[in-house]
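Colleague: Predicted coordinates and the sequence they were generated for:
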Amino acid sequence: MTTSSTALLVIDAQESFRRRDDWSTTANPAVLDNIALLVDHARASGDMVVWITHADPGSGGVFDPQNGQVRVMAELGQDDAETALTKTTINAFASTDLHERLESQGIRRLVVCGIRTEQCCETTTRAAADLGYEVEFITDATTTSDIAASGALAAVSGADIMRRTESVLAARGFATVTTTRERVGAATVV
């Protein structure tokens, strides 16, 4: 039950990513443990918890709902009574009614975590800031993978992508960047 004006957005923490070849080399192996801590904290605080998954219908890949991987990772303990949305865009607001749902609950502050730091998490954070939400971006509760060199493009490590995202979101005023430990006030997995 939501008793605060804060919502935790758990973005794309779904089986689809575990089925990708790059999951074994994720930049932040503690991501799921930290997301679970945030979910427990949100529930204890009376915050709204929103589970967002990504689907690419008809693609035949791991994000195609027909293949059964577009579901929250079981160890995160999704509660069926909590809001669950499936998006088809990188920004969670663009292809869902997320904004309307948050507004109807009086939500003004968002806590963002999930999978891919620089992709769906960062893009949703930027859109949320544009919509007037106060956003807290929990970097150690996100993860990404390396980008391989290709043509004229340089390789970028997942760790560097995560640091860049932190810097851009904080320095450009899109979000307050913090850690799971700072958010929940308890020990986290590092």
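Modeller: All right, it came through fine.
Colleague: Residues in contact with the helix or strand where residue 51 lies: which ones?
Modeller: Assessed by DSSP states H and E, residue 51 sits inside strand 48-54. Contacting residues not belonging to strand 48-54 are listed as 2, 4, 6-14, 16, 39, 42-43, 63, 70-72, 78-79, 82-88, 92, 96, 98, 101-102, 105, 107, 114, 120, 124 [C-beta atoms under 8 Å, 6 or more residues apart in numbering]. Just so you know, the C-beta spots here come from the backbone N, C-alpha and C atoms, and that holds for glycine as well.
Colleague: Buried subset of those, written for ChimeraX?
Modeller: Here is the ChimeraX command that selects the buried residues among those (16 or more other C-beta atoms under 10 Å):
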select :2,6,7,8,9,10,11,12,13,14,16,39,42,43,63,70,72,78,82,83,84,85,86,87,92,96,98,102,107,114,120,124
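Colleague: ok, and the closest non-adjacent residue to the residue positioned nearest the centre of the chain?
Modeller: By C-alpha atoms, centre = their mean, the mean C-alpha position of the chain lies nearest to residue 114, the distance being 2.6 Å. Nearest residue to residue 114, sequence neighbours excluded (C-beta to C-beta, 6 or more residues apart in numbering): residue 11, at 3.1 Å.
Colleague: I'd guessed that neighbour sits against residue 121; true?
Modeller: Yes - with contact defined as C-beta atoms under 8 Å, residue 11 counts as touching residue 121 (5.3 Å).
Colleague: so what sits against both of those two?
Modeller: Residues touching both residue 11 and residue 121 (C-beta under 8 Å, 6+ apart) are 112-115.
Colleague: Just the buried ones from those residues?
Modeller: Buried among the shared contacts of residue 11 and residue 121 (16+ other C-beta under 10 Å): 112-115.
Colleague: Looking at the residues you listed, which are in strands?
Modeller: Within those, residues falling in strands by DSSP state E are 112-115.
Colleague: Surely residue 57 and residue 70 touch.
Modeller: No - applying C-beta under 8 Å as the test, residue 57 and residue 70 come out as separate, 9.1 Å apart.
Colleague: who touches both of those two?
Modeller: Residues touching both residue 57 and residue 70 (C-beta under 8 Å, 6+ apart): residue 64.
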